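> sequence isn't available, so here's the structure alone:
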């Protein structure tokens, strides 16, 4: 399947690109600091297997925190709902995504939700496998299936860059190991987690994954069930309540769809029963979300009545 350029969508992209000038790229991860902050592209994958795009929609970027949703879906299949949420909570937080403070004050000492770093690390730790390599291969295989991309890989430079600077994430892991939220070798967990965040994808592939969630776990091309319906719904709920970092409430009001952002500038959007959306715009606001990407979604939501509310 291929995507077709859409003139109306390109007009909107050109209109909101200027918002990129107001933000900044995620330079605290050295490898991410090299991108052009005015880049902006989008693909919209419809349930009837039509796809439209604007911008350089085939340009690869790393998933970063978008991967949290995908690995959560796999962990829920591996371990079941009760196991996962005995160790990770379901509530949003007003704290930064990499905060350790709530771990120290919560009783029991478990992460508040799977979309903050502590929760995502705990979820990655739940993936079944006898070794780090086996767990990683299972994550890659699952993401490949969702994206319909047999050769999914990751950006080695970005993964190494994150691994070398991830001292706070290591601290989160050791704190959780003390409280028996995670188990096993922490450095192996860090390797898997940084590789999952560095998985490469383009807007078309991300939009296809969005279409899987839009169809409650069904493959938009074959109709095959890739994710159990109750797990797809859980993931979409977290995308609404926690998916856009500390801007999730405002995003729900202004756009009103399940979405997950990453600090590379990617956004995975889901319009239930209709569309999957993939966006790349690396210039970020102070919350860590793509400035032009959010503005693009606001315009699309208003024009095409995306909101689920």
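Sure thing, it's come through. Everything numeric in this text was worked out from a predicted model, so none of it was measured.
> packing partners of the helix ranked longest in the chain?
Longest helix in the chain, counting residues (DSSP state H): helix 132-147. Contact here means 3 or more CB pairs under 8 Å, 6 or more residues apart in numbering; DSSP states H and E; on that basis helix 132-147 packs against helix 67-79, helix 186-197, helix 203-214. Where you see a C-beta, it was placed from the backbone N, CA and C, and this is true even at glycine.
> what sits up against that helix?
Residues outside helix 132-147 that contact it (CB atoms under 8 Å, 6 or more residues apart in numbering): 67, 70-71, 73-74, 124, 127-129, 150-153, 185, 188-189, 191-192, 195-196, 199, 201, 205-206, 208-209, 212, 226-227.
> circling back to that earlier point, okay, the helices and strands packed on helix 132-147, which one's buried deepest?
Most buried of these, by mean neighbour count (mean count of other CB atoms under 10 Å): helix 203-214, with a mean of 27.
> now the angle from that helix to helix 67-79?
Angle of helix 203-214 versus helix 67-79, following axes from the mean of the first three to the mean of the last three CA atoms, to 10 degrees, is 40 degrees.
> buried set for whatever helix or strand comes next after helix 203-214?
Once helix 203-214 ends, the next helix or strand along the chain (criterion: DSSP states H and E) is helix 229-242. Using 16 or more other CB atoms under 10 Å as the test for burial, helix 229-242 gives 231, 232, 234, 235, 236, 238, 239, 240, 241, 242.
> and stretch 293-300, by the same measure?
If you call a residue buried by 16+ other CB under 10 Å, then stretch 293-300 has these buried ones: 293, 294, 295, 296, 297, 298, 300.
> ditto for stretch 95-115
97, 99, 100, 102, 103, 109, 110, 111, 112, 113, 114, 115.
> straight-line length of that stretch, end to end?
Start-to-end span of stretch 95-115 (CA to CA, to the nearest Å) is 12 Å.
> how far off centre is the helix or strand where residue 159 lies?
Using DSSP H and E, residue 159 maps to helix 156-165. Distance of helix 156-165 from its chain centroid, counting by CA atoms, centre = their mean, to the nearest Å, is 18 Å.
> what helices or strands is the helix or strand following that helix leaning on?
The helix or strand immediately downstream of helix 156-165 is helix 167-178, counting by DSSP H and E. When contacts are defined as 3+ CB pairs under 8 Å, 6+ apart, helix 167-178 packs onto helix 101-105, helix 117-124, helix 186-197.
> tell me how far the first one lies from the chain's centre.
The gap between where helix 101-105 is centred and where its chain is centred comes out at 24 Å by CA atoms, centre = their mean.
> now swap in stretch 282-292 and tell me
On CA atoms, centre = their mean, the centre of stretch 282-292 falls 14 Å from the chain's centre.
> any buried residues in that stretch, and which?
Applying a neighbour-count criterion of 16+ other CB under 10 Å, one finds 282, 283, 284, 285, 287, 288, 289, 290, 291, 292 buried in stretch 282-292.
> I figured the second one hits residue 24, correct?
Yes: under the criterion of CB atoms under 8 Å, residue 283 is in contact with residue 24, at a separation of 6.5 Å.
> which neighbours do the two share?
Listed as contacting both residue 283 and residue 24 by CB under 8 Å, 6+ apart are residue 37.
> Three-state assignment for residue 45, please.
strand (DSSP: H, G, I helix; E, B strand; the rest coil).
> that older thread, let's have the buried residues of stretch 282-292 in JSON lines, adding secondary structure.
Formatted as JSON lines, the buried residues of stretch 282-292 follow (three-state DSSP):
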{"residue": "282", "secondary structure": "coil"}
{"residue": "283", "secondary structure": "coil"}
{"residue": "284", "secondary structure": "strand"}
{"residue": "285", "secondary structure": "coil"}
{"residue": "287", "secondary structure": "coil"}
{"residue": "288", "secondary structure": "coil"}
{"residue": "289", "secondary structure": "coil"}
{"residue": "290", "secondary structure": "strand"}
{"residue": "291", "secondary structure": "helix"}
{"residue": "292", "secondary structure": "helix"}
